[in-house]
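[1] What follows is a predicted protein model with its sequence.
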Amino acid sequence: MTASALPATVARRRRAVLAGRRWTGFFYVAPAMALVLVFFLLPLGMTGWMSLNNWPLLGEHRYIALDNYFAILEDRRFSLMWIPACSAHWPRDSA
């Protein structure tokens, strides 16, 4: 081997080692990413999708868009729920 070929060979080996290290980090993180996907992101997305449907326990679901949210805003019990929840944080007169 000549003196000029030696640094090129060392550089090639160094690049191969560094590339392997990048993949090693990914393989350490992949199980955690899979758990987050399966136990957090998928249920979160499914909950969002189900909230946009009329989804009975038994039977077919029907897409109703934002009607569930409008029904909550029109429900008197929902609006009355905020009074005790917010009154705990309102300042009280000490008179």
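    Structure's in. What do you need? Numbering: from 1, shown residues only.
[2] What are the neighbouring residues in contact with the spatially most central residue of the chain?
    In the chain, the centroid-proximal residue (C-alpha atoms, centre = their mean) is Leu41; its distance is 4.2 Å. Contacts for Leu41 were tallied using C-beta atoms under 8 Å, 6 or more residues apart in numbering; there are none. Backbone N, C-alpha and C define where each C-beta goes, glycine included.
[3] again, only using 10 Å
    Each residue near Leu41 by C-beta atoms under 10 Å, 6 or more residues apart in numbering is listed here: Met33.
[4] part of a helix, is it?
    Yes - the assignment for Leu41 by DSSP: H, G, I helix; E, B strand; the rest coil puts it in a helix.
[5] roughly how far apart are it and Thr47?
    According to C-beta to C-beta, to the nearest Å, Leu41 stands 11 Å off from Thr47.
[6] same thing with Asn53?
    11 Å.
[7] Mind checking which of the two has more residues around it?
    Asn53 (15 against 9; other C-beta atoms under 10 Å).
[8] ok, now how distant is the more buried one from Ser79?
    24 Å.
[9] ok, now Tyr63?
    26 Å.
[10] what's the answer for Met33, then?
    Distance from Met33 to Ser79, by C-beta to C-beta: 41 Å.
[11] Identify the contacts common to Asn53 and Thr47.
    With C-beta under 10 Å, 6+ apart, Asn53 and Thr47 have no common neighbours.
[12] Quantify the burial of the closest residue in space to Leu52 that isn't next to it in sequence by counting its neighbouring residues.
    Nearest residue to Leu52, sequence neighbours excluded (C-beta to C-beta, 6 or more residues apart in numbering): Ala65, at 5.9 Å. Ala65 has 9 neighbouring residues, counting by other C-beta under 10 Å.
[13] Shouldn't Ala65 be within a strand?
    No - read with three-state DSSP, Ala65 is coil and lies in no strand.
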